[in-house]
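Asker: predicted model and sequence below, questions to follow.
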Amino acid sequence: MKTSMALLLASAWGEGLALAREMNVSDLEKMIPPAGSITYDVVRSVSPVLEHYSRESLLGGLWKRPELSPRDRSVVTIAAIIARLQTYEMPMHFALALDNGVKPAELSEIIAHLAFYAGWGNAMAAVAAAKDVFQRRNIAIDQLPPVKDKPLPLDEAAERQRATQVAGNFGAVSPGLVRNTTELLFLDLWLRPALAPRDRSLVTVSALIANGQTAQMPFHLNRAMDNGLTQEQAAEVLTHIAFYAGWPCAMSALPVAKDVFEKRQK
Amino acid sequence: MKTSMALLLASAWGEGLALAREMNVSDLEKMIPPAGSITYDVVRSVSPVLEHYSRESLLGGLWKRPELSPRDRSVVTIAAIIARLQTYEMPMHFALALDNGVKPAELSEIIAHLAFYAGWGNAMAAVAAAKDVFQRRNIAIDQLPPVKDKPLPLDEAAERQRATQVAGNFGAVSPGLVRNTTELLFLDLWLRPALAPRDRSLVTVSALIANGQTAQMPFHLNRAMDNGLTQEQAAEVLTHIAFYAGWPCAMSALPVAKDVFEKRQK
Amino acid sequence: MKTSMALLLASAWGEGLALAREMNVSDLEKMIPPAGSITYDVVRSVSPVLEHYSRESLLGGLWKRPELSPRDRSVVTIAAIIARLQTYEMPMHFALALDNGVKPAELSEIIAHLAFYAGWGNAMAAVAAAKDVFQRRNIAIDQLPPVKDKPLPLDEAAERQRATQVAGNFGAVSPGLVRNTTELLFLDLWLRPALAPRDRSLVTVSALIANGQTAQMPFHLNRAMDNGLTQEQAAEVLTHIAFYAGWPCAMSALPVAKDVFEKRQK
């Protein structure tokens, strides 16, 4: 659709691309409207102060803080955007993520991961947006993670503890869900080498915060920190995601993070 | 829009329809892009392993488990998709639901029910998608539930208990909400015969899980089981919905389901 | 896109505009499909009873209740729609809000406010919809709130109490989030005069309820009532928002509202 629409939309698209340009998205000239067509001009025509906040507080402020790398900020942002199904934001932030050092294979694997952690329909919407980005950049299937790959080593003790606890609590409640959780997620998806465990955890924690799923946070935030996410980085994930998921999601995650941080220091 | 767009989009649409075809959607040839245009080819071009999971774990695995019929799986799926506003998934899954034995009158009534249980805007998005499916299949208004129909018998004792409890707790907090809950929902919507109470409950519970609204689950899961949903089926709803609403929603529903199951056995 | 599409879509659009017409949206003839094209005819073709509920219970019932003015109902509705990213509903309800007395500057400021309280991507989707409404009505930038304006007076005691409490609880957990909350939100956004504090609170509370973020409700519902929202109005917000965010969101907000109301009476 978008290719065909491009002819009709050339004039609207010509209005400006300042926002994506300021973000230094490298394939700007090939981006196809209307995917990325929320420009600063458009934002200003509705809310001048929102343009100001976008330039100063978000792009000129948050994204330049040293507590997280631009690459990590892109990982957090695309996880939040996919988890909340903000389809409008996907093309620009997928392109920006690639420019910030997220490899095509990693973006691909993040989408597959979020099929399980944010819902199949969310991943399908991301597929539709990523397809165009990959085509524009000539990213072919040989750059993407294969279906089967040598699995990462399993931490058998940790997995046994997790599986035993979940099976003990819930094995009789929903046997199918408990079995799929073990076989599909922890013995398959999580062992795929296309995404480092620390990054897979970062995606998971970001999606949980963005969807307000605080009940699942303690396990996954601990796992993220076991996988190498530092406390300073985890703290900055909250600072960052407040803008993309809204302040209430970040504020509701604060007491959970506090509790996890404190228990790990004992 | 979609009819007009079809002319422009014929070439993109021609890429393939493997996913809908594999699901045996019967009016494939008449489906209008871009609604159902996420094909296996597109999924593979972004994530080969997500195509694999879609074929093997989801369509070839989950949907074939005997714990829930294909019809019930379609009811759960469309409730989750509407509740989470996954507009991209609606055309394919509405068509699949009809093929799986959900009657047009039932799909119609599910959408009306979810206007109240997932929000008017969610139902309106579903209306936009269902309209095209109904047109393609020549489903006319005489196949849809009438505005007024002979109401199902009311369980007066149960309703009196519910109404008394809610009015006692909250009648002074929001009189309008409490009155609408009784008059619009429990004395009107829930008594409409176009959807069996067991199915209406299945839709409600699925929407609650898909939106993470665990606080409302105990009442409605008990009601669903009073209305004939077996514990094995309820357990499988969790297994199924994990894929469409994401694992965290299903995991957060597990302890609530456990508690309901245990209390009913006493 | 929409302008170009209008030519293609004229026939579909001609089907009817009864819903927007019944709502007395004043620039109906200039509304561009498909934004507002869910008409009563379309709703009836999928669910006759949903047309009935839309006419009788929603437009003919809820919107005419005296407990909230039509203007306040529009404020609550657009906050819920933006918070839940119901893009389909935005054009009609933005236009209706202007007709109901929400000033263009207020609609503009509501969108900027919700960038922080519902997520940047939600605000960007609202920008895309509002741009068209503003263009149709010739609302230019001189009618919108400026970037810098004389701030409202700060309640220093209340802000000191809030900041001290949050910093004490969470200052060491996520210093960046805590600092942004003070500097960007409470010392900047909340002091902008383009939206009365009572209305800013009404938007915030509505977004929290619509997204099920009950943990953040006590602070903001108290603040709303400190800012002039009466208990009767707050109660009616629940009655109203049940239709747009779905009943479960309203029901989950009930015990929180009850607790806030009771504590304020002591």
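Answerer: Good, I have the coordinates. Numbers count the residues shown, from 1 in each chain, chains lettered A, B, ... in the order given.
Asker: now the residue positioned nearest the centre of chain A, what's its secondary structure?
Answerer: Geometric centre of chain A, nearest residue: A:A79, 1.5 Å, by CA atoms, centre = their mean. Secondary structure, DSSP: H, G, I helix; E, B strand; the rest coil: A:A79 is helix.
Asker: and it, what does it touch?
Answerer: A:110, A:114, A:202-204, A:206-207, A:210 (CB atoms under 8 Å, 6 or more residues apart in numbering or on different chains). Heads up, the C-betas are built off the backbone N, CA and C, glycines and all.
Asker: closest to B:A129 among those?
Answerer: Among those, A:L114 lies closest to B:A129 (CB to CB), at 22.9 Å.
Asker: what parts of the stretch 51-200 of chain A come near chain C?
Answerer: Neighbours of chain C within the stretch 51-200 of chain A, by CB under 8 Å from any CB of the partner chain: A:51-54, A:57-58, A:65, A:67, A:80-81, A:84-86, A:88-89.
Asker: tell me which of those is nearest to chain C?
Answerer: The closest of those to chain C turns out to be A:Q86 (CB to the nearest CB; 3.2 Å).
Asker: any idea how far the residue lying closest to that closest one once chain neighbours are set aside is from chain B?
Answerer: Spatial nearest neighbour of A:Q86, excluding adjacent residues (CB to CB, 6 or more residues apart in numbering or on different chains): C:G121 at 3.2 Å. Distance of C:G121 to chain B, computed by CB to the nearest CB, to the nearest Å: 14 Å.
Asker: same thing with A:Q143?
Answerer: For A:Q143, the distance to chain B (CB to the nearest CB) stands at 11 Å.
Asker: just the pLDDT for the residue lying closest to that residue once chain neighbours are set aside.
Answerer: With sequence-adjacent residues excluded and distances taken as CB to CB, 6+ apart, A:Q143 is closest to A:P104, at 4.9 Å. pLDDT, the model's per-residue confidence, is 98 for A:P104.
Asker: now do A:Y40
Answerer: 87.
Asker: kindly report the same for the one 3 residues further on.
Answerer: If you check A:V43, the pLDDT there is 94.
Asker: any idea how far A:W247 is from A:D188?
Answerer: For A:D188, the distance to A:W247 equals 36 Å [CB to CB, to the nearest Å].
Asker: list the buried ones in the helix ranked longest in chain A?
Answerer: Longest helix of chain A, by residue count under DSSP state H: helix A:247-265. Neighbour counts over helix A:247-265 (16 or more other CB atoms under 10 Å in any protein chain shown) mark A:247-254, A:256-258, A:260-261 as buried.
Asker: contacting chain C as well, which ones from those?
Answerer: A:247-252, A:254, A:257-258, A:261.
Asker: so which of the residues you listed are also by chain B?
Answerer: Within these, nothing lies near chain B by CB under 8 Å from any CB.
Asker: picking up where we left off before, got the buried residues of helix A:247-265 as TSV, with pLDDT columns?
Answerer: What follows is the buried residues of helix A:247-265, written out as TSV (pLDDT from 0 to 100):
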residue	pLDDT
A:W247	98
A:P248	98
A:C249	98
A:A250	98
A:M251	98
A:S252	98
A:A253	98
A:L254	98
A:V256	98
A:A257	98
A:K258	98
A:V260	98
A:F261	98
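Asker: number of nearby residues for A:K150?
Answerer: 8 (other CB atoms under 10 Å in any protein chain shown).
Asker: no wait, A:L185
Answerer: A:L185 has 16 neighbours, counted by other CB under 10 Å.
Asker: picking up where we left off before, the longest helix of chain A packs against which elements?
Answerer: Other elements packing on helix A:247-265 under the criterion 3 or more CB pairs under 8 Å, 6 or more residues apart in numbering or on different chains; DSSP states H and E are helix A:197-210, helix A:217-226, helix A:231-245, helix C:104-118, helix C:156-170, helix C:175-180.
Asker: excluding chain neighbours, what is closest to A:L154?
Answerer: Distance criterion CB to CB, 6+ apart; nearest residue to A:L154, sequence neighbours excluded, is A:L191 at 6.3 Å.
Asker: would you enumerate the residues in contact with that neighbour?
Answerer: Contacts of A:L191 (CB under 8 Å, 6+ apart): A:151-152, A:154.
Asker: swap in A:L208?
Answerer: For A:L208, the contact set (CB under 8 Å, 6+ apart) comprises A:117, A:214, A:216-217, A:220, B:248.
Asker: if we go to 6 Å?
Answerer: Residues in contact with A:L208, defined by CB atoms under 6 Å, 6 or more residues apart in numbering or on different chains, are A:216-217, B:248.
Asker: distance of the residue in the stretch 151-266 of chain A positioned nearest to chain C relative to A:A194?
Answerer: Distances between the stretch 151-266 of chain A and chain C by CB to the nearest CB are smallest at A:T239, namely 3.4 Å. To A:A194, A:T239 is 28 Å away according to CB to CB.
Asker: please apply the same query to A:H240.
Answerer: In terms of CB to CB, A:H240 sits 23 Å off from A:A194.
Asker: between those two, who's got more neighbours?
Answerer: Neighbours were counted for A:H240 and for A:A194 using other CB under 10 Å; A:H240 has more, 28 against 20.
Asker: ok, A:A123 - contacts?
Answerer: With CB under 6 Å, 6+ apart, A:A123 has these contacts: A:111, A:114-115.
Asker: turn the residues you listed into JSON lines, including neighbour count.
Answerer: Converted to JSON lines, the contacts of A:A123 look like this (neighbours: other CB atoms under 10 Å in any protein chain shown):
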{"residue": "A:I111", "neighbour count": "28"}
{"residue": "A:L114", "neighbour count": "24"}
{"residue": "A:A115", "neighbour count": "29"}
